[in-house]
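Colleague: Sequence plus predicted model, see below.
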Amino acid sequence: MRGKLGNWMETSLLHLSAVLIGVSKAGFGGGTGVLVTPLLTLVLPPKEVVALMLPLLLATDILSLGYYWRRWDTRNVVALMPGALLGILLGGRLLGMLSDLALKRIIGVLACLFAGLQILRERLPSAVEGYQPRYWHGLGAGMVTGLSSTLAHVGGVITSMFLLPQKLPNRTFVGTTTLLYFLINGSKMPVYLGLGLIDLPLLRRDLPLLPTLALGVLLGIWLNRRVSATLFSRIVLAFVLLTGIKLLLLP
């Protein structure tokens, strides 16, 4: 009975996570995607979680990239990517060295940290006027993005904090983050493959989640028109914080 209950809970959380990824990619509830990794880590080994998520994230990146083609700001992409690649390489080395317990603790810390950063991110546009990033700003932000993205798929918050104060047009902002996520997630794929985290059985587990992923995108579009994104984001961030704390306390 316990085995059946565990399998049911795992399957349910996987589909819920696919919905949350889709909702986040549709631009609703800014911090939604940050919840997925810590949530799944409650029931699955953390390295398995990050491996399962990467193909799903990359699939949504590819779909989004077609819609926002050439809407990005090339200067910001060039500023962030060198640091992001360095962060991905460092994150890959750490993934190969860390135990599941150590990675679970790191994901818990990142969940708590990024819940706070997400709230700060919403205040940045009004707090910072006329921000013009320098090269080393992009290098540092890119490195933190690549590292945290490789370990827990939560690098998007740092990217947004770097871009928002620049007051880019909305479509340019989304197009820039879309291209960045595509390049970063695509660069993580060979690292995960080299570590043996992604294989054919894992990809087969992801396949049934693709329709749920699409449903999440449609749900995000629907929610954008009918529900306060701010309220939804606050609820999600509360869950992120609670889940992060639980990961820090679990044996």
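Modeller: Great, that's in hand. Computed from a predicted structure; not experimentally measured.
Colleague: ranges for the helices of the stretch 1-150 of the chain?
Modeller: 2-25, 36-41, 46-67, 74-97, 100-127, 135-152 (DSSP state H, counting those that start in this stretch).
Colleague: How about the longest one, which residues are buried there?
Modeller: Right, the one you point to is helix 100-127. 103-108, 110-112, 114-115, 117-118, 121-122 (16 or more other Cβ atoms under 10 Å). For the C-beta atoms, the positions are set from N, CA and C on the backbone; glycine is no exception.
Colleague: which residues touch stretch 85-104?
Modeller: 41, 45-47, 50, 106, 142-151, 155, 184, 187-188, 191-192, 194-195, 197, 247, 250 (Cβ atoms under 8 Å, 6 or more residues apart in numbering).
Colleague: Of these, grab the buried ones for ChimeraX.
Modeller: Buried residues within the contacts of stretch 85-104, by 16+ other Cβ under 10 Å, are selected in ChimeraX with:
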select :41,46,47,50,106,142,143,144,145,146,147,148,149,150,151,155,184,187,188,191,192,197,247
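Colleague: rewinding a little: could you dump the helices of the stretch 1-150 of the chain to TSV with mean pLDDT and distance to Phe232?
Modeller: As requested, the helices of the stretch 1-150 of the chain are exported to TSV (pLDDT from 0 to 100; distance: least, Cβ to Cβ, whole Å):
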stretch	mean pLDDT	distance to Phe232
helix 2-25	79	9
helix 36-41	89	15
helix 46-67	90	19
helix 74-97	95	27
helix 100-127	77	12
helix 135-152	91	22
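Colleague: Can you add distance to Phe162 and give those helices back as JSON lines?
Modeller: Listed next are the helices of the stretch 1-150 of the chain as JSON lines, based on distance: least, Cβ to Cβ, whole Å:
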{"stretch": "helix 2-25", "distance to Phe162": "18"}
{"stretch": "helix 36-41", "distance to Phe162": "21"}
{"stretch": "helix 46-67", "distance to Phe162": "18"}
{"stretch": "helix 74-97", "distance to Phe162": "7"}
{"stretch": "helix 100-127", "distance to Phe162": "9"}
{"stretch": "helix 135-152", "distance to Phe162": "4"}
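Colleague: Mind checking those for the one nearest to Pro208?
Modeller: With Cβ to Cβ as the measure, helix 2-25 is the member of the helices of the stretch 1-150 of the chain nearest Pro208 (8.3 Å).
Colleague: and that closest one, what does it pack onto?
Modeller: On a contact count with 3 or more Cβ pairs under 8 Å, 6 or more residues apart in numbering; DSSP states H and E, helix 2-25 meets helix 36-41, helix 46-67, helix 210-226.
Colleague: In terms of secondary structure, what does the first one contact?
Modeller: Packing partners of helix 36-41 (3+ Cβ pairs under 8 Å, 6+ apart): helix 2-25, helix 46-67, helix 100-127, helix 229-249.
Colleague: Which of the ones you listed sits closest to Thr178?
Modeller: For the helices and strands packed on helix 36-41, proximity to Thr178 was assessed by Cβ to Cβ; helix 46-67 is nearest, at 4.7 Å.
Colleague: Specify the angle between the closest one and helix 74-97 in degrees.
Modeller: 160 degrees (axes from the mean of the first three to the mean of the last three Cα atoms, to 10 degrees).
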